[in-house]
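Asker: Next come a sequence and a model predicted from it.
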Amino acid sequence: MSQTKIDDTSEMYLDVTRSSADWLRLRKAFASGRLKRAGSGAAVQLVMEGGTPYAHAGVLQFSGITVDATTFAARLDMTIKRAKVTSSGVARSLRVPEHAVTLWRAGVTVPKRTDGERLSELLDVDVTWLCAGEG
């Protein structure tokens, strides 16, 4: 077990790894107002390992999401085949280069968030499922 010396506990920064489905659910809850706003983030209460609440209010800030390109590619490829559309048809509909769709299907890259959302609408699948296999 590693040891850490803490000199100042007035501020605490945590990186929290969650599934992309959890991240998307939190984003939707934040956008709908179900989470209390605190500046540009959501107000949270941190509970320490022993169950004791941390003395200071916290703010959950949404910094980004990582989508595994290989599993995204498998879901995208299956969905495109099921929809009986072509990569060029998808590219035209999204107004992106066909090469971009080819790279997404090959698992080389993933689309930008806005393209992913438009892609899920085009293919009539849930964006959470498309990105994370959940939902």
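Answerer: It's in. Numbers count the residues shown, from 1 in each chain.
Asker: where does the chain dip in pLDDT?
Answerer: Residues of the chain meeting the criterion pLDDT under 70: 1-12, 15, 20, 62-66, 134-135.
Asker: Please enumerate the helices of it.
Answerer: Under the criterion DSSP state H, helices of the chain are mapped to 20-32, 69-83, 87-94, 98-106, 113-123, 127-132.
Asker: how about those helices in a markdown table, adding distance to residue 58 and mean neighbour count?
Answerer: The way it works is simple: take the backbone N, C-alpha and C, and place the C-beta from them, glycine included. Formatted as a markdown table, these follow (distance: least, CB to CB, whole Å; neighbours: other CB atoms under 10 Å):
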| stretch | distance to residue 58 | mean neighbour count |
| --- | --- | --- |
| helix 20-32 | 14 | 15 |
| helix 69-83 | 31 | 16 |
| helix 87-94 | 38 | 16 |
| helix 98-106 | 36 | 17 |
| helix 113-123 | 25 | 16 |
| helix 127-132 | 25 | 20 |
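Asker: Reformat those helices as CSV; add distance to residue 38.
Answerer: Shown next, in CSV, are these (distance: least, CB to CB, whole Å):
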stretch, distance to residue 38
helix 20-32, 11
helix 69-83, 32
helix 87-94, 35
helix 98-106, 35
helix 113-123, 23
helix 127-132, 25
